[in-house]
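Engineer: Quick one, what's the 3D model for this:
(one chain, ligands or ions: 1)
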Amino acid sequence: MELTVRVTKSFGGFRLGADFTASGNRIGIFGESGSGKSTLVNMVAGLERPDAGEILLDGEPLFSADRRVNAEPERRRVALVFQHPHLFPHLSVRANLLYGWKRCTVANRRIGLDDLVGVLRIGQLLDRGVNNLSGGEKQRVALGRALLSNPRLLLMDEPLSALDDALRFQIIPYLRGACEAFAIPYLFISHSLVEMRLMTDRVVVFDRGRQADDTTPDDLARSRMGGSPVGYINLLRLADPREHDGLTSYAWGGGRLLLTARSDGAESLFELSSKDMILFKKHPEAISARNLLCCTVTGTFDAGRKVGVELACGAERLVAEVAGEAARELELAAGSEVYAAVKASAFRRLG
Ligand SMILES: Nc1ncnc2c1ncn2[C@@H]1O[C@H](COP(=O)(O)OP(=O)(O)OP(=O)(O)O)[C@@H](O)[C@H]1O
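Structural biologist: Okay, here's the model as predicted:
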């Protein structure tokens with residue numbers, strides 16, 4: 001998929017200016033509240049008319065001020081998933097899903113109900129009404145309805161922000177997996193860096209209507225580390241939980257980590273902040289932190305008043321942060337060895 005957005009749009013004192021061409025299937029639009037993300041999505045969907053410029057999807061103009069093109073929303077073959085599922089309350093799950101299918105021309109019907117139901121695991125819900133579904137189930141049905149319209153592009157405008165943390169991270173594999181299974185490219189809109197890293201390969205960043213950056217989600221997270229109260233969030237997939245003296249031990253990086261957090265599944269996603277790692281130049285004698293990881297420094301980066309330290313631990317990668325003075329004392333250089341201490345309680349389970 002190649003999407004070109006070169007538009008301007010003003011409302012009173014707010015002006016949005018976008019100028020990017022995004023290639024790939026997993027594109028993110030990131031920005032704080034009020035930065036213009038929804039306005040941009042609505043222009044791509046045809047719900048909002050740009051003041052000037054053009055929007056091209058795979059070379060085809062959806063909007064072009066010069067060529068006087070402004071395709072109707074239903075002719076764009078672009079589907080939307082919003083923060084709230086907006087299901088039809090009087091229809092069953094099946095009828096909600098088929099609403100998307102019926103809006104799609106016969107020639108474009110590539111994704112069918114049975115395949116979709118299998119991928120989203122909603123077979124047991126088909127004959128139920130939608131009013132008493134859980135928030136996560138509703139959002140899966142909303143995604144299914146959008147995918148059954150067999151779009152060329154799926155727009156997801158903050159699809160996770162109405163869900164609590166536990167549900168958010170349960171839904172992400174469905175969003176990602178279904179789009180991948182049916183090869184549907186998407187534009188994923190969020191103000192969460194973690195969601196960006198889990199859902200996208202490339203991110204266009206907006207700041208108060210201005211296009212501020214075009215980068216990878218990981219570089220974006222690193223660049224914001226110094227100014228962020230939560231630092232850089234390391235995402236760890238931990239497998240094989242085992243009880244260990246009141247803690248849980250998980251396989252990771254060729255060794256095992258000890259955590260206070262438990263999980264029931266074979267593999268779970270955890271976060272660890274760059275702020276929760278203490279680096280030592282030499283092996284400390286005895287420490288209270290339950291994890292002491294022998295790491296190789298693979299690089300450092302400047303993060304405002306902090307130095308980001310990239311670490312390799314077996315095949316795994318972590319980012320720690322230290323003050324500039326500490327970086328000098330530790331003599332951090334690519335290839336040097338350090339020990340990283342992490343408390344068992346520093347890991348937080350995401351999903
Ligand atoms: N139809 C409209 N009329 C007037 N102002 C509008 C309209 N739509 C959006 N705006 C203004 O444009 C700015 C950008 O809004 P937009 O909803 O695109 O931001 P956002 O990044 O999606 O924010 P959020 O994350 O809070 O949804 C805001 O100041 C908003 O008040």
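
Engineer: For the closest residue to Leu153 other than its chain neighbours, give its distance to the ligand.
Structural biologist: Leaving aside its chain neighbours, Leu153 sits nearest to Val78 (4.9 Å; criterion: C-beta to C-beta, 6 or more residues apart in numbering). C-beta here means a position set from N, CA and C on the backbone, and glycine is covered the same way. Separation of Val78 from the ligand (C-beta to the nearest ligand atom, to the nearest Å) stands at 17 Å.

Engineer: list the contacts for Val78?
Structural biologist: Val44, Ala45, Gly46, Leu57, Leu62, Pro151, Arg152, Leu153, Leu154, Leu155 (C-beta atoms under 8 Å, 6 or more residues apart in numbering).

Engineer: Does the third one touch Leu80 like I think?
Structural biologist: No - because the distance of 10.2 Å does not satisfy C-beta atoms under 8 Å, Gly46 is recorded as not touching Leu80.

Engineer: Off-centre distance for the longest helix seen in the chain?
Structural biologist: Longest helix in the chain, counting residues (DSSP state H): helix 165-181. Centroid displacement of helix 165-181 relative to its chain, using C-alpha atoms, centre = their mean, to the nearest Å, is 9 Å.

Engineer: what residues does it touch?
Structural biologist: 25-26, 115-116, 119-121, 134-136, 139-140, 143-144, 147, 154, 156, 159-160, 163, 184-186, 188, 195, 198-199, 269, 350-351.

Engineer: Can you get me a residue count around the residue of the stretch 251-351 of the chain found nearest the ligand?
Structural biologist: Nearest residue of the stretch 251-351 of the chain to the ligand: Leu350, at 21.4 Å (C-beta to the nearest ligand atom). If you count neighbours by other C-beta atoms under 10 Å, Leu350 ends up with 20.

Engineer: any idea how far it is from Pro173?
Structural biologist: Going from Leu350 to Pro173 by C-beta to C-beta, to the nearest Å gives 11 Å.

Engineer: repeat for Leu311
Structural biologist: For Leu311 relative to Pro173 (C-beta to C-beta), the value is 27 Å.

Engineer: contacting residues for the closest residue to Ala344 other than its chain neighbours?
Structural biologist: In space, and not counting its chain neighbours, Ala344 is closest to Arg290: 4.2 Å by C-beta to C-beta, 6+ apart. By C-beta under 8 Å, 6+ apart, Arg290 lies in contact with Leu247, Leu258, Val342, Lys343, Ala344.

Engineer: now the nearest residue to the first one once chain neighbours are set aside, what's its secondary structure?
Structural biologist: By that I understand Leu247. Sequence neighbours aside, Leu258 is the residue nearest to Leu247 in space, at 4.7 Å (criterion: C-beta to C-beta, 6+ apart). Using DSSP: H, G, I helix; E, B strand; the rest coil, the structure places Leu258 in strand.

Engineer: hmm, back to that, any idea of the pLDDT on the residue nearest to Ala344?
Structural biologist: Looking at Arg290, its pLDDT is 94.

Engineer: isn't the residue of the stretch 251-351 of the chain closest to the ligand right next to Gly265, touching?
Structural biologist: No - contact criterion C-beta under 8 Å: Leu350 and Gly265 do not qualify, at 12.0 Å.

Engineer: what sits in contact with each of these two?
Structural biologist: By C-beta under 8 Å, 6+ apart, no residue touches both Leu350 and Gly265.

Engineer: Let's have the contacts of Val78 in a markdown table, adding neighbour count.
Structural biologist: Formatted as a markdown table, the contacts of Val78 follow (neighbours: other C-beta atoms under 10 Å):
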| residue | neighbour count |
| --- | --- |
| Val44 | 25 |
| Ala45 | 19 |
| Gly46 | 18 |
| Leu57 | 21 |
| Leu62 | 25 |
| Pro151 | 23 |
| Arg152 | 16 |
| Leu153 | 22 |
| Leu154 | 24 |
| Leu155 | 24 |
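
Engineer: now those as a markdown table including secondary structure and pLDDT?
Structural biologist: Output for those, formatted as a markdown table (DSSP: H, G, I helix; E, B strand; the rest coil; pLDDT from 0 to 100):
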| residue | secondary structure | pLDDT |
| --- | --- | --- |
| Val44 | helix | 98 |
| Ala45 | helix | 97 |
| Gly46 | coil | 98 |
| Leu57 | strand | 98 |
| Leu62 | strand | 98 |
| Pro151 | coil | 95 |
| Arg152 | coil | 95 |
| Leu153 | strand | 97 |
| Leu154 | strand | 97 |
| Leu155 | strand | 98 |
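
Engineer: mind putting the residues you listed in CSV, distance to Leu87 included?
Structural biologist: As requested, those are exported to CSV (distance: C-beta to C-beta, whole Å):
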residue, distance to Leu87
Val44, 23
Ala45, 18
Gly46, 22
Leu57, 27
Leu62, 26
Pro151, 18
Arg152, 23
Leu153, 22
Leu154, 17
Leu155, 18
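
Engineer: before we move on, back to that, pick out whichever of Leu311 and Pro173 has more residues nearby.
Structural biologist: With neighbours defined as other C-beta under 10 Å, Leu311 and Pro173 compare such that Leu311 has more, 23 against 13.

Engineer: quick one: pLDDT of the most far-flung residue of the chain relative to its centre?
Structural biologist: What lies farthest from the middle of the chain is Glu285; by C-alpha atoms, centre = their mean that is 39.9 Å. Per-residue confidence at Glu285 stands at 88 (pLDDT).
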